[in-house]
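> Here is my input; please provide its structure:
(chains A and B)
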Amino acid sequence: MKKMPRWADVALIPILNLLIAFIISGLVLLAIGKDPWAALGTMIDGSFGSSRGVGYTLYYTTNFIFTGLAMGIASHARMFNIGGEGQAALGGLGVALILLAVPWPHWTLALPAAILFGGLFGAAWAFIPAYLQAKRGSHIVITTIMFNFIAASLMGYLLTGVLKVPGKMAAETAKFPEGAHLPTFHEMLAPFGIEFSKHAPANLSFLVALLCLYVFWILVWRTRLGYNIRAFGESESAAVYAGINPAKIIIITMLISGAFAGLMAINNVMGEAERLIHNAVEGAGFIGIAVALMGRNHPIGIFLAALLFGFLWQGGAELQFEHQIPREMVTVIQALVILLTGALDNMVRRPVEKLFIMRYKAKGL
Amino acid sequence: MTLMKTILGATATLALSAGAVLADPAIVFDLGGKFDKSFNEAAYNGAERWASETGGSYDEFELSADAQREQVLRRFAEGGNNPIVMAGFSFASALETVAADFPDTKFVIIDMVVDAPNVRSIVFDEHTGSYLVGVMAAMASESGTVSFVGGMDIPLISKFACGYAQGVKDTNPDANVIVNMTGTTPSAWNDPVKGSELTRGQISQGSDVVFAAAGGTGLGVLQTAKDEGILAIGVDSNQNHLQPGSVLTSMVKRVDNAVYESFTAGEGVEPGFAAMGLANEGVGPAFDDSNAPLVTDEMKAAVEEAKAKIIAGDIVVHDYMSDESCPSL
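Below is the predicted model:
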């Protein structure tokens, strides 16, 4: 029996999921007495209608690309890394430590160091669950989620203690040196005569995220390691038969995954806040799960899904501004998209698959 | 030409009146959300009180990401909202940037000082209000030992503790004050179980009045005080009704008044530094039906006397945050 054509798998199903999510969201908005079409217009205009809106959308998108890649690489080895939240938080710690330790003269020097430390800290945080999974068989889902809590406590401890600026109330580090400032879109595009809003947080790390998408593609489909990861994911016993060491693959994959999550810190910590604040990740680690699921663990899919969620985040804020829709309602709309594209994927997939199979049968294939 | 003038004049009038219509005040709540049963909710109540009394309308925004701070201030300022009130010290750095870009808009920040020509900084004299509840605690205590449960160990909470201890010691120099902090992370604001444990520990050391300045953790303190038959003192909002009969009083911090007054002043809100203290009813013990049986006339008289002396400057209550030390502890 044949399966669905590929275009249906990668495009039709996500679009159907989205449509259902938007229809239910529209009904929710109707129920609280708001006009769904006006709301949709506000969301689109607010996220893509102005350079400031685009700047915020792409800022959120950058976060979600990194965490989506983290989830994606682990998924290729059939591992469910839900520790992106904690790994990104630790990445932030690495970035903050190195940026505060050295009086950086220019971002061209600070950025590679931040990438190295952010990735290293994120990977280190993923290493312990990876080791426990590889050598002790402790389930990665359980350990990574527990490590999110440990990370939150650790960051709270550090940010209210040794890293806090004495005398200040807020749980945050000192501001990074001027030389560690990453160019924003405004500064990047000004030399080309393009006037981009000065007040949007999108910055150079968006380009780093795009580069990472490309690296991800090369790694997974063009290297021996990527082949090993995919082989291990498809069938562990077959991989062992082919001479692949499962413990090694688990640990390496998780290290890469943690590093991608940790890299998020160059966007939110280095690029935007320019200091490490408490709870800087703000749930992006969990959004990465939905991004990877929806993007089918492929760089292009991850990019599009991250863009969608960036749109939902920025557009959601606009809903609050323009229509005084409560914050909780915006969360409901975002959650519906996650629920339908992530958790309830099969609800749409099965019927669509059956439809295709019926068509094949009718054609006598 | 005359027609042109008329049209131009009409447009100008329209533009002006549109500006006037748009000048609604706005309030921004911090990440805790406006229904946090504490600080943000008090701010929300102040805004609602203004709206219901004046029939005016205001715009509001609840943050869901830290990156939104500057965005929302800018949006409100561009939209013509004036004044723009923000609840919480975390807005300081965003406000410093935005205030400079909108010199004609007035901003009000609560619980923090931002020095800019168009910003009003409202802070509370938590130490003097705590002094007064300390006076009451010392008079209500039979054992001569009273205690304090703080939330997260930050200078602001030590300010409460220090004022309280001074009030106790000035009333009863032999009194013993036990001070415990719940923790050093933000989770210390919402740990009623730990609050309860600390209270039990303090009771075993002889305490019979406990002052909780600990957010949600305080609910556990109040509960345990009730269960163990001792007195408790609430904080921020009037919490007397939470455990009637065992809450001696509450050290209220009138965040709602701060918002209400800023909204009432409108565009004419005065920039600069404003301390909400005893003189302008910004802080102080709460008296209502729930705690009436617990409060004696002598206590009320002592509180009034101390209050008058503090306002007159005869009693100087030490502010912990001025030098991060506390002579009474």
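
> Closest approach to chain B from the stretch 201-350 of chain A, which residue is it?
A:Arg327 (4.3 Å; CB to the nearest CB). No exception for glycine: its C-beta is placed from N, CA and C like everyone else's.

> ok, now which ones touch that residue?
A:Gln320, B:Gly33, B:Glu62, B:Ser64 (CB atoms under 8 Å, 6 or more residues apart in numbering or on different chains).

> Could you find the residue nearest the spatial middle of chain B?
B:Lys253 (3.9 Å; CA atoms, centre = their mean).

> Could you measure from that residue over to B:Asp170?
Using CB to CB, to the nearest Å, B:Lys253 is found at 21 Å from B:Asp170.

> cool, and B:Leu198?
Counting by CB to CB, the gap from B:Leu198 to B:Asp170 is 25 Å.

> Please identify which of those two sits among more neighbours.
Between B:Leu198 and B:Asp170, counting by other CB atoms under 10 Å in any protein chain shown, B:Leu198 is the more crowded of the two (26 against 18).

> Buried residues of stretch B:160-180, list them for me.
When neighbours are counted by 16 or more other CB atoms under 10 Å in any protein chain shown, the buried residues of stretch B:160-180 are found to be B:160-172, B:175-180.

> Any part of it near chain A?
No: under the criterion of CB under 8 Å from any CB of the partner chain, stretch B:160-180 makes no contact with chain A; the nearest approach is 13.5 Å.

> Around chain B, which positions in chain A sit nearby?
Residues of chain A lying close to chain B by CB under 8 Å from any CB are A:56, A:59, A:153, A:156-157, A:160-161, A:167, A:169-171, A:199, A:201, A:268, A:272-273, A:277-280, A:282, A:313, A:316-317, A:320-321, A:324, A:326-327, A:330-331.

> Who's the closest spatial neighbour of the residue of the stretch 201-329 of chain B found nearest chain A, skipping the chain neighbours?
Residue nearest to chain A within the stretch 201-329 of chain B (CB to the nearest CB): B:Glu324, separated by 7.1 Å. Spatial nearest neighbour of B:Glu324, excluding adjacent residues (CB to CB, 6 or more residues apart in numbering or on different chains): B:Pro155 at 6.2 Å.

> Output the lowest mean pLDDT helix or strand found in the chain.
Chain wasn't specified; assuming chain A. helix A:6-7 (a mean of 82; mean pLDDT, DSSP states H and E).

> Which residues does that one contact?
Helix A:6-7 has contacts (CB under 8 Å, 6+ apart) with no other residue.

> At the contact with chain A, which residues of chain B appear?
Near chain A, when you scan chain B using CB under 8 Å from any CB, you find B:33, B:59-62, B:64-68, B:70-72, B:74-75, B:89-90, B:92, B:112, B:152-156, B:184-187, B:324.

> mind showing which ranges of the chain have poor pLDDT?
No chain in the question, so chain A it is. Low-confidence segments of chain A (pLDDT under 70): A:1-2, A:365.

> You answered for a different chain; I wanted chain B.
B:1-22, B:37.

> Point me to the residue of it nearest chain A.
Counting by CB to the nearest CB, chain B gets nearest chain A through B:Thr185, at 3.4 Å.

> OK, contacts around that residue?
So B:Thr185 contacts A:Ser153, A:Gly156, A:Tyr157, A:Thr160, B:Met152 (CB under 8 Å, 6+ apart).

> one step back: which ChimeraX command selects the buried ones in the contacts of A:Arg327?
A single ChimeraX command selects the buried members of the contacts of A:Arg327 (16+ other CB under 10 Å):
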select /A:320 /B:33,62,64
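
> In strands, which of the contacts of A:Arg327 appear?
In strands, defined here by DSSP state E, the members of those are B:Glu62.

> can you put the contacts of A:Arg327 in JSON lines and add distance to B:Ala213?
Formatted as JSON lines, those follow (distance: CB to CB, whole Å):
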{"residue": "A:Gln320", "distance to B:Ala213": "32"}
{"residue": "B:Gly33", "distance to B:Ala213": "21"}
{"residue": "B:Glu62", "distance to B:Ala213": "25"}
{"residue": "B:Ser64", "distance to B:Ala213": "28"}
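
> The contacts of A:Arg327: which two are farthest apart?
A:Gln320 and B:Gly33 (12.1 Å; CB to CB).

> what touches both of those two?
The contact sets of A:Gln320 and B:Gly33 overlap at A:Arg327, B:Glu62 (CB under 8 Å, 6+ apart).

> Grab the nearest non-local neighbour of B:Phe76.
Ranked by CB to CB, 6+ apart and with sequence neighbours excluded, the top spatial neighbour of B:Phe76 is B:Ala26, at 4.3 Å.

> got the contact list for the closest residue to B:Asn291 other than its chain neighbours?
Spatial nearest neighbour of B:Asn291, chain neighbours left out: B:Asn240 (4.6 Å); criterion: CB to CB, 6+ apart. For B:Asn240, the contacting residues are B:Gly234, B:Val247, B:Thr249, B:Ser250, B:Ala286, B:Asp288, B:Ser290, B:Asn291, by CB under 8 Å, 6+ apart.

> Then B:Glu60?
B:Glu60 makes contact with A:Gln324, B:Ala26, B:Ile27, B:Val28, B:Phe29, B:Lys34, B:Tyr44, B:Ala47, according to CB under 8 Å, 6+ apart.

> Mind checking which of the residues you listed are buried?
Burial by neighbour count, 16+ other CB under 10 Å: within the contacts of B:Glu60 this picks out B:Ala26, B:Ile27, B:Val28, B:Phe29, B:Lys34, B:Tyr44, B:Ala47.

> part of a strand, is the second one?
Yes: if the criterion is DSSP: H, G, I helix; E, B strand; the rest coil, then B:Ile27 is within a strand.

> is it true that it touches B:Val85?
Yes: the criterion here is CB atoms under 8 Å, and B:Ile27 meets it with B:Val85 at 4.6 Å.

> so what sits against both of those two?
With CB under 8 Å, 6+ apart as the test, B:Ile27 and B:Val85 both reach B:Ala43, B:Ala47, B:Val259.

> Just those: which are in helices?
B:Ala43, B:Ala47, B:Val259 (DSSP state H).

> want to throw those residues into JSON lines with distance to A:Phe206?
Shown next, in JSON lines, are those (distance: CB to CB, whole Å):
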{"residue": "B:Ala43", "distance to A:Phe206": "36"}
{"residue": "B:Ala47", "distance to A:Phe206": "37"}
{"residue": "B:Val259", "distance to A:Phe206": "38"}
